[in-house]
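Visitor: need a structure here:
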Amino acid sequence: MRASILQRIFRRVQISRAEGIVLDAILSKANMFGKHARVAYECLAGMTGYSVRHVKRLVKALIYERRLLRVTKRVLWPGRNAINHYDVVIPWRGEVSFEDMGVGKKYPRKDRVNNKGDKTCHPKGQTDKNPLLQPAQTFTKMPTETEASVWFKTGSELWYLAQGLTPPGTGTE
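Guide: Now for the predicted structure:
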């Protein structure tokens, strides 16, 4: 199969050989503008000869570090994902500025970003912890015979235990 013009151009981009092979496989499934590539990780692994785990790592590097891919993740239902939809970013078309394309610029973690921009939240100001509850109330005194008789039959094993006494016949010898 003939390589498309985008595949020939992207061979000149300075990326690792493995990233280039994965990008070439994605471009083979895309249209002539490098858009609408729907390909599964298992399919990419079969096309490139790498493991699925390594393909996921390379695609992640192309998205977050190199910024040469944009991905639209689709969910069928919770816990079940559809095949991702990839668009190859072409920097000379102005889809991404050259300073944003720089290698090594890290995106802030989503859980560390605050609503006021990219400033990270300091954990000292967070008060997510619930205050400690008071312990359960304990007896201040042991119930007397009459109080234990209200709840239990007089002379029963529970009647003795409610008063803190050992029932007769079950004592330690």
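
Visitor: count the residues that sit near P167.
Guide: 13 (other CB atoms under 10 Å). C-beta here means a position set from N, CA and C on the backbone, and glycine is covered the same way.

Visitor: residues in contact with it?
Guide: E157, Y160, L161 (CB atoms under 8 Å, 6 or more residues apart in numbering).

Visitor: and the first one, backbone torsions?
Guide: Backbone torsions of E157, given as degrees, to the nearest 10, read phi -60, psi -40.

Visitor: over to M142?
Guide: Note on M142: backbone dihedrals following degrees, to the nearest 10 are phi -80, psi 140.

Visitor: and for D24?
Guide: Backbone torsions of D24, given as degrees, to the nearest 10, read phi -70, psi -40.

Visitor: report pLDDT for it.
Guide: D24 carries a pLDDT value of 88.

Visitor: wait, doesn't A30 sit right on I90?
Guide: No. The pair A30 / I90 is not scored as a contact, 11.0 Å apart, by CB atoms under 8 Å.

Visitor: so for the two, which residue has more residues nearby?
Guide: Taking neighbours as other CB under 10 Å, A30 and I90 compare with A30 leading, 19 against 16.

Visitor: which residue, other than its chain neighbours, is closest to that one?
Guide: Distance criterion CB to CB, 6 or more residues apart in numbering; nearest residue to A30, sequence neighbours excluded, is A37 at 3.8 Å.
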